[in-house]
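> Quick check, what structure comes out for this input:
(one chain, ligands or ions: 1)
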Amino acid sequence: SLNQSLSEVNGAINVSFEFFPPSTPEMEQLLWSSVRRLEPLKPKFVSVTYGANSGVRDRTHSVIERIQQETQLVAAPHLTLVDASDEELVDLAKQYWQSGIRDIVALRGDLPAGQPKPTRFAADLVRLLRSVADFDISVAAYPEGHPDARNAQADLINLKRKIDAGANRAITQFFFDVESYLRFRDRCVTAGIDVEIIPGILPVTNFTQLKRFAAMTNVALPQWLHQQFSGLEDDPATRQLVGANVAIDMVKVLSREGVKDFHFYTLNRAELTYAICHTLGVRPKVAV
Ligand code: FAD
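Numbering: from 1, shown residues only. Coordinates of the predicted model:
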């Protein structure tokens, strides 16, 4: 079978799942049912995004805490430096370490509109975290380039700086052009970046929303993707099936190209991520 041949070639596949802090009781319920549904797949870690205002930050902490208390999962908070001083970040890192957190996704964060050019970057946060404790640190990578980057080479050098500062892996921005990811992975190797460049997979169910989001992030939406979703604006059930198909096709190609680690932008939903993992051979362990 496909799964056998993929795992023969690749060995074990590792997955991680990303969630965001819910803002309503309904979304909260959706989050926890998704966490529970995905937990038996034994992800390497689950991460929780971090918003640029303090209300969202507190929600990140409480989701992380509840994951630690109520599940067997390794919880990895995202942390951004844009709106915090070094002193505040050191305090937060110490608190995390004391509460048992060992994994952090370290980011610069997006600048509020109108703010002057930044002088601190994610590499500085990685260095700061390393100075506090021996965290396992993930950083962001951009196969199609970060919107603020001077050019692709400068962006690659920035990733190298983050790894040299002590990051353990990179997780990519989502993408749909698999070739652009594979080329990026090759360029990382050429640049001497020797950590896993983990593809960030975004299972798509709402294409209209995706179009808005992709425009802000420099992610190309290929013509074939537009074609797949066109005419389904009022048909969420079919969109769901098409979205699963698109993502499964992508991970099959990536898997054949030797990718062993996958990060999923779950958007707090379990169905598609679960199906894609199943296809990759990532399934609940049956108790014996
Ligand atoms: P950096 O690595 O610092 O890079 C930012 C830009 O600055 C790049 O263009 C880089 O090339 C450039 N640069 C770096 N150093 C220098 C320098 N010395 N001089 C000039 N230019 C430089 N955002 C959130 O707010 N919360 C989240 O939870 C969150 N999670 C994310 C998870 C993943 C996996 C990814 C891919 C992104 C996430 N983001 C999140 C978005 C991220 O914060 C934004 O993309 C942000 O604009 C850049 O963050 P970074 O860590 O990549 O920054």
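> Would you mind listing where the stretch 101-250 of the chain has pLDDT under the threshold?
Nowhere does the stretch 101-250 of the chain drop to pLDDT under 70.
> Now with 80, please.
112-113 (pLDDT under 80).
> by contact count, what packs against the helix ranked longest in the chain?
The longest helix of the chain (DSSP state H) is helix 236-256. Secondary-structure packing of helix 236-256 (3 or more CB pairs under 8 Å, 6 or more residues apart in numbering; DSSP states H and E): helix 2-10, helix 178-190, strand 197-201, helix 223-229, helix 271-280. Backbone N, C-alpha and C define where each C-beta goes, glycine included.
> what do you get if the cut-off is 6 Å, keeping everything else the same?
Contact here means 3 or more CB pairs under 6 Å, 6 or more residues apart in numbering; DSSP states H and E; on that basis helix 236-256 packs against helix 271-280.
> Report the rounded mean pLDDT for the helix it packs on.
On average, the pLDDT along helix 271-280 is 97.
> which bits of this protein sit near the ligand?
49-50, 52, 78, 80, 105, 107-110, 121-122, 140, 146, 148-149, 154-155, 158, 162, 171, 173, 200 (CB under 6 Å from any ligand atom).
> Which stretches in the protein count as helices?
2-10, 25-38, 54-70, 86-98, 122-132, 152-164, 178-190, 207-217, 223-229, 236-256, 271-280.
> Residues in contact with the last one: which ones?
Read it as helix 271-280. Outside helix 271-280, the residues that touch it by CB atoms under 6 Å, 6 or more residues apart in numbering are 13, 15, 41, 203, 243-244, 247-248, 251, 264, 266.
> Out of those, which is nearest to the ligand?
Distance to the ligand, by CB to the nearest ligand atom, is smallest for residue 264 among the contacts of helix 271-280, at 10.8 Å.
> if I look at the nearest residue to that closest one once chain neighbours are set aside, how far off is residue 210?
In space, and not counting its chain neighbours, residue 264 is closest to residue 273: 4.6 Å by CB to CB, 6 or more residues apart in numbering. The gap separating residue 273 from residue 210 is 16 Å, by CB to CB, to the nearest Å.
> between those two, who's got more neighbours?
Remark: of residue 273 and residue 210, residue 273 carries more neighbours, 27 against 19, as counted by other CB atoms under 10 Å.
> circling back: highest neighbour count among the contacts of helix 271-280?
The member of the contacts of helix 271-280 that has the most neighbours, counting by other CB under 10 Å, is residue 264 with 27 neighbours.
> okay, that one: pLDDT?
With respect to pLDDT, residue 264 has a value of 98.
> ok, it touching residue 202?
No - counting by CB atoms under 6 Å, residue 264 sits too far from residue 202 to count as a contact (8.0 Å).
> and of the contacts of helix 271-280, the nearest to residue 133?
Proximity of those to residue 133 (CB to CB) peaks at residue 15, which lies at 25.7 Å.
> Could you list everything the closest one pairs with in the sheet?
With DSSP bridges as the criterion, residue 15 is bridged to residue 262.
> wait, it sits on residue 261?
No - Residue 15 lies out of contact with residue 261 (CB under 6 Å); the separation is 7.5 Å.
> The residue nearest to residue 264 and residue 166, how far apart?
29 Å.
> Kindly report the same for residue 46.
From residue 46 across to residue 166, the span is 22 Å (CB to CB).
> How about residue 203?
Residue 203 is 31 Å from residue 166, by CB to CB.
> Around the residue nearest to residue 103 when sequence neighbours are not counted, count how many other residues there are.
Using CB to CB, 6+ apart and skipping the chain neighbours, the partner closest in space to residue 103 is residue 76 (3.7 Å). With neighbours defined by other CB under 10 Å, the count for residue 76 comes to 25.
> likewise residue 173?
Residue 173 is flanked by 21 other residues according to other CB under 10 Å.
> roughly how far apart are it and residue 30?
Distance from residue 173 to residue 30, by CB to CB: 24 Å.
> Pretty sure residue 40 is one of the things residue 284 touches, is it not?
Yes - with contacts counted by CB under 6 Å, residue 284 reaches residue 40, the gap being 3.7 Å.
> For the closest residue to residue 50 other than its chain neighbours, give me its contacts.
Leaving aside its chain neighbours, residue 50 sits nearest to residue 78 (4.1 Å; criterion: CB to CB, 6+ apart). Contact analysis of residue 78 by CB under 6 Å, 6+ apart lists 47, 49-50, 105.
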